[in-house]
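Asker: 3D model of this:
(chains A and B)
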There are 2 protein chains.
Amino acid sequence: MVMNKTEALLRMSAEKTECYLRAGFENAEKDLMPLTEAEQYSLLGGGKRIRPFLTFEFCRVLGGKEEAAAPFASAIEMIHTYSLIHDDLPCMDDDTYRRGRLTCHKRFDEATAVLAGDALLTDAFGVAAGNKHVSAEVAREAVLLLSKAAGSHGMVGGQILDMGAEKKQMSGIGELLRLQSLKTGALIRVAAGLGCLAAGKRSDSPEFAAADRYAAGIGLAFQIVDDILDVEGNAEQLGKATGVDAKMNKVTFMSFYTVKEARAYAARLTDEAKSAIAFLPESETLCELADYLLDRKY
Amino acid sequence: MVMNKTEALLRMSAEKTECYLRAGFENAEKDLMPLTEAEQYSLLGGGKRIRPFLTFEFCRVLGGKEEAAAPFASAIEMIHTYSLIHDDLPCMDDDTYRRGRLTCHKRFDEATAVLAGDALLTDAFGVAAGNKHVSAEVAREAVLLLSKAAGSHGMVGGQILDMGAEKKQMSGIGELLRLQSLKTGALIRVAAGLGCLAAGKRSDSPEFAAADRYAAGIGLAFQIVDDILDVEGNAEQLGKATGVDAKMNKVTFMSFYTVKEARAYAARLTDEAKSAIAFLPESETLCELADYLLDRKY
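Answerer: This next block holds a predicted model:
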């Protein structure tokens, strides 16, 4: 497969992220190995690393330093990973594979997976607060934003809505939009926002607002494309089964739209996302990322 | 039962803590009710509230304001509660009752319990960072200390050691001491430490060091007394079965000491704890708490 520019940049950014994440385990104590091993297994297992990419890229575009973005990018990826570990648990989605490898609780055991998730989540806040390249005010704001995006009024809240959605019929698209904005949107938005913070742009700046609008747009488009791919994607290319949502009776964007309508919706969101950051210097890479995520086949 | 002074103060402090914790749910969104309900069920379910007591009391003794201690006390109790919810899960201790009521996953379901724990943990960092009565530097330090005490190098690390301890024979008391210092000690110490922070005493101050030594001492004594009570306590008074540790083949302080030796050890730790804070003004209440925890029958 030929790699385009965005793929190459994502790959580079993923390697950089992996490097920073790995460094976090340098002082791991020997007797805590079963925990550290499970954390590393899930955390360093690859993935697109779109969230840290957003953090690094918004920081770069706004003139910040990579070292200031790194702790925030790491914290977000740790939180994302914890959410996947807990999501895969038998009492939740009960998944055996993730990214082509055994899920954490299958590779280790359930108790270790619960604790590895807990540890990643807890340590993430220390990593964010410990960012030495930003002021205490910025570190505090980062922790507040992270907690809000990941907690009961963000990602976890979205997961509860998702559980409810499996049991009952949704009243309309509004409910699905709220679910997605909490479950996946909030963390993607805070990834972009923390990139701005790392570059010295606070949450009341126009740059932060633009990054937030951009991330909200591509985050939602990403989810719509996911739903489309589950309907008409290539299972082999995707690396996972298709038709899962329908089989599970899951409410998705395909419950409300035809493929054509959904594509148009995702394209419009992508355009709006790009417009939101048009005034930022060197925003081409972020615009290309938006297009890349829209056109992806896996 | 006649209540002594310490019991009365603990009761008052517990009510105060409950009040602050309850206020955190005032803006709970209606559609997130299943999550909020589970969080509140576990969080507001009583308990001795020793950790928040330590935060409030060290803050008071050092001349700080209650409002500055409250967010830290709340955050610690939220983290403590999350750890109990996850500890009770079927894949962990598989407990049906906690404080005489159904555990979270029995009252609701397993997925809700996992998520309620995750939400409490995540939101706790926002509550600590959002403390409006301290500077950004102090808020950042509080988050760092909390994360360290609760994460992989603290409480969660201790839980992993505890799981390992159930499988293998411990090499000696040193291993048990390390397990306890992580699993229960770290959070009790940070509860005292954050009380100091709330009163403007940073982690490099002699007051903070004294509070830390005191909390380490009473924390360990508390655990030893717990182990003694499991051997010779009154099940009815305790509100839980005795002889559980032996039945589970659990390594406890009673695996290394006779009851008499264990009592002497706990008494010495209590004395050392009291000595550590003797130079602080108005430290009688904290000394009385140490004695109360040593002499408790439940």
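Asker: Would you map the strands across the stretch 51-200 of chain A?
Answerer: A:97-98, A:101-102 (DSSP state E, counting those that start in this stretch).
Asker: if we look at the last one, which residues are touching it?
Answerer: Outside strand A:101-102, the residues within contact range by CB atoms under 8 Å, 6 or more residues apart in numbering or on different chains are A:45, A:96, A:107. (C-beta placed from N, C-alpha, C; glycine too.)
Asker: which one of these is nearest chain B?
Answerer: A:Arg107 (14.6 Å; CB to the nearest CB).
Asker: tally of neighbours for that closest one?
Answerer: Neighbour count of A:Arg107, defined by other CB atoms under 10 Å in any protein chain shown: 16.
Asker: how about it, what does it touch?
Answerer: A:Arg107 makes contacts with A:38, A:41, A:101, as judged by CB under 8 Å, 6+ apart.
Asker: Could you list every helix and strand that whichever strand or helix holds A:Tyr292 packs against?
Answerer: For A:Tyr292, the host element (DSSP states H and E) is helix A:284-295. Helix A:284-295 is packed against helix A:5-23, helix A:50-61, helix A:206-232, helix A:259-276, with contacts defined by 3 or more CB pairs under 8 Å, 6 or more residues apart in numbering or on different chains; DSSP states H and E.
Asker: list the contacts for the closest residue to A:Arg22 other than its chain neighbours?
Answerer: Nearest residue to A:Arg22 in three dimensions, chain neighbours excluded: A:Leu44, at 6.4 Å (CB to CB, 6 or more residues apart in numbering or on different chains). For A:Leu44, the contact set (CB under 8 Å, 6+ apart) comprises A:18, A:21-22.
Asker: Please repeat the previous calculation with a cut-off of 10 Å.
Answerer: A:17-19, A:21-22, A:25, A:77, A:81 (CB atoms under 10 Å, 6 or more residues apart in numbering or on different chains).
Asker: Then A:Leu62?
Answerer: A:69, A:195-201, A:205, A:207-208, A:211, A:280-283.
Asker: repeat that for 8 Å
Answerer: A:Leu62 touches A:195-196, A:199-201, A:207, A:280, counting by CB under 8 Å, 6+ apart.
Asker: Also A:Met170?
Answerer: Here A:Met170 is in contact with A:176, A:251, A:255 (CB under 8 Å, 6+ apart).
Asker: Next, count neighbours for the last one.
Answerer: When you say that, I think you mean A:Ser255. With other CB under 10 Å as criterion, A:Ser255 counts 15.
Asker: Pop out the phi and psi values for it.
Answerer: phi -80, psi -20 (degrees, to the nearest 10).
Asker: what would the contacts of strand A:101-102 look like in CSV with pLDDT?
Answerer: As requested, the contacts of strand A:101-102 are exported to CSV (pLDDT from 0 to 100):
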residue, pLDDT
A:Gly45, 75
A:Thr96, 94
A:Arg107, 97
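Asker: can you redo those as a markdown table with distance to B:Phe56?
Answerer: Compiled in a markdown table, the contacts of strand A:101-102 are given as follows (distance: CB to CB, whole Å):
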| residue | distance to B:Phe56 |
| --- | --- |
| A:Gly45 | 43 |
| A:Thr96 | 47 |
| A:Arg107 | 43 |
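Asker: of all those, which comes closest to A:Gly164?
Answerer: A:Thr96 (24.6 Å; CB to CB).
Asker: wait, what's in contact with the closest one?
Answerer: A:Thr96 sits next to A:102-103, A:106 when contact means CB under 8 Å, 6+ apart.
Asker: Any of those residues buried? List them.
Answerer: Buried subset of the contacts of A:Thr96 (neighbour count, 16 or more other CB atoms under 10 Å in any protein chain shown): A:103, A:106.
Asker: List the contacts of stretch A:209-224.
Answerer: With CB under 8 Å, 6+ apart, stretch A:209-224 has contacts from A:50, A:54, A:58, A:177, A:180-181, A:184-185, A:188-189, A:191-193, A:195-196, A:253, A:262, A:265-267, A:269-270, A:272-274, A:276-277, A:279-280, A:286, A:289-290, A:293-294.
Asker: Show me which parts of that stretch are buried, residue by residue.
Answerer: Those would be A:210-224, for stretch A:209-224 by 16+ other CB under 10 Å.
Asker: Please tell me how far A:Thr112 sits from A:Gln159.
Answerer: Going from A:Thr112 to A:Gln159 by CB to CB, to the nearest Å gives 21 Å.
Asker: Contact residues of the stretch 101-250 of chain A facing chain B?
Answerer: Contact residues (CB under 8 Å from any CB of the partner chain) of the stretch 101-250 of chain A with chain B: A:109-112, A:114-115, A:117-119, A:121-127, A:129-130, A:135-137, A:139-140, A:143-144, A:146-148, A:150-153, A:156-157, A:159-161, A:163-164, A:178.
Asker: What about the residues you listed, which are in helices?
Answerer: Mapping these onto helices (DSSP state H) picks out A:110-112, A:114-115, A:117-119, A:121-127, A:129, A:136-137, A:139-140, A:143-144, A:146-148, A:150, A:156-157, A:159-161, A:163-164, A:178.
Asker: Buried subset of these as a PyMOL selection?
Answerer: The following PyMOL line selects those of these that are buried, judged by 16+ other CB under 10 Å:
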select buried, chain A and resi 110+111+112+114+115+117+118+119+121+122+123+124+125+126+127+129+136+139+140+143+144+146+147+148+150+156+157+159+160+161+163+164+178
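Asker: Where does the prediction get shaky in the stretch 151-298 of chain A?
Answerer: Where the stretch 151-298 of chain A drops to pLDDT under 70, the residues are A:167-168.
Asker: Let's see that with 80 instead.
Answerer: A:165-169, A:171, A:234-241, A:248, A:298 (pLDDT under 80).
Asker: likewise the stretch 1-150 of chain A?
Answerer: Checking the stretch 1-150 of chain A against pLDDT under 80 turns up A:1-3, A:45-46.
Asker: List the contacts of A:Leu35.
Answerer: Here A:Leu35 is in contact with A:112, A:115-116, A:119, B:152, B:156-157, B:160 (CB under 8 Å, 6+ apart).
Asker: Let me know the helix or strand that it is in.
Answerer: Going by DSSP H and E, A:Leu35 is in helix A:33-43.
Asker: What residues of that helix count as buried?
Answerer: A:34-43.
Asker: same check, this time on stretch A:184-203
Answerer: A:184-201, A:203.
Asker: among the helices and strands packed on helix A:284-295, which is nearest B:Gly239?
Answerer: helix A:5-23 (44.0 Å).
Asker: Which strands and helices lie in contact with the closest one?
Answerer: Helices and strands touching helix A:5-23, by 3+ CB pairs under 8 Å, 6+ apart, are helix A:50-61, helix A:66-88, helix A:284-295.
Asker: mind checking how far the closest residue to A:Lys274 other than its chain neighbours is from A:Asp226?
Answerer: Residue nearest to A:Lys274 in three dimensions, not counting chain neighbours: A:Cys287, with 4.6 Å by CB to CB, 6+ apart. Per CB to CB, A:Cys287 is found 21 Å from A:Asp226.
Asker: now A:Tyr214
Answerer: 19 Å.
Asker: One more: A:Lys274?
Answerer: From A:Lys274 to A:Asp226 the distance is 20 Å (CB to CB).
Asker: show me what contacts the residue of chain A positioned farthest from its centre?
Answerer: Outermost residue of chain A with respect to the C-alpha centroid, by CA atoms, centre = their mean, is A:Asp31; its distance is 31.2 Å. Counting by CB under 8 Å, 6+ apart, A:Asp31 touches B:161, B:164, B:178.
Asker: make it 7 Å
Answerer: By CB atoms under 7 Å, 6 or more residues apart in numbering or on different chains, the residues touching A:Asp31 are B:Leu161.
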